[in-house]
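In: for reference, the sequence and a predicted model appear below.
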Amino acid sequence: MGYAFYGWNHGDIREVTGEYKRSWTPCQLYDALSDIWCEYTCAPRLRGQWSEDNRTVGQCSITAFLAQDIFGGKVYGILRPGGNYHCYNVVGDCVFDLTSEQFGDEVLNYENNPEQFREVHFAKEEKRQRYQFLKDELERRFGGDLDGQTRDMA
């Protein structure tokens, strides 16, 4: 599969949590999430733009914080028109944005952006619930538990 998300070529980033029975790379996580992202996991204000052809729209913060759970690092945000932040991940010197495809050909600036914190983002209960759904579905499908326990693969 060819990848188009920003930073797709950082295949050397590996899961640091050890909480899954498999080792993840950003590309593998993207593949897994591509089957989970849905209208429900999309930010409510962007649901009208979500489609099977544009699965990453409205998924950035919940995806970036889930990727942080798996790879460590930090989440940063690019200020967008309207005052919202588009979130992406930085692990060491590797930058990747699993949901950048939603912007098409627009070039985003991944330098000198403010760090984002889940406490701020998840103060919105609907966002915390969407993150939890994404996390739970990933765990259910791949047998890991991001809260620290490993389930048996059935």
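Out: That came through fine. Residues are numbered from 1 along each chain as shown.
In: what about the residue most central in space within the chain, which helix or strand?
Out: Of all residues in the chain, the one closest to the mean position by C-alpha atoms, centre = their mean is Thr63, 1.9 Å from it. Taking DSSP states H and E as the criterion, Thr63 maps to helix 60-71.
In: against which helices or strands is that helix packed?
Out: Counting contacts by 3 or more C-beta pairs under 8 Å, 6 or more residues apart in numbering; DSSP states H and E, helix 60-71 is packed against helix 26-34, strand 74-79, strand 85-91, helix 118-121, helix 125-142. Where you see a C-beta, it was placed from the backbone N, CA and C, and this is true even at glycine.
In: and that helix, how far out from the chain's middle?
Out: 4 Å (C-alpha atoms, centre = their mean, to the nearest Å).
In: angle of it against helix 26-34?
Out: In terms of direction (axes from the mean of the first three to the mean of the last three C-alpha atoms, to 10 degrees), helix 60-71 departs from helix 26-34 by 130 degrees.
In: what lies in contact with helix 60-71?
Out: 13-17, 20, 24, 26, 29, 33, 37, 41, 43, 56, 74-75, 85-89, 91, 96-99, 102, 116, 118, 121-122, 127, 130-131, 134-135, 138, 146 (C-beta atoms under 8 Å, 6 or more residues apart in numbering).
In: of those residues, buried ones?
Out: 13, 15, 20, 24, 26, 29, 33, 37, 41, 43, 56, 75, 85-89, 91, 96-99, 102, 116, 118, 121-122, 127, 130-131, 134-135, 138 (16 or more other C-beta atoms under 10 Å).
In: can you tell me the closest non-neighbouring residue to Pro44?
Out: In space, and not counting its chain neighbours, Pro44 is closest to Glu126: 6.4 Å by C-beta to C-beta, 6 or more residues apart in numbering.
In: and that neighbour, how many neighbours?
Out: Other residues near Glu126 number 10, with proximity taken as other C-beta atoms under 10 Å.
In: same check on Ala67?
Out: 27.
In: and it, how far from Asp105?
Out: Using C-beta to C-beta, to the nearest Å, Ala67 is found at 23 Å from Asp105.
In: run through the protein and note the low-pLDDT ranges.
Out: Within the chain, the stretches with pLDDT under 70 are 1, 11-12, 14-22, 144-154.
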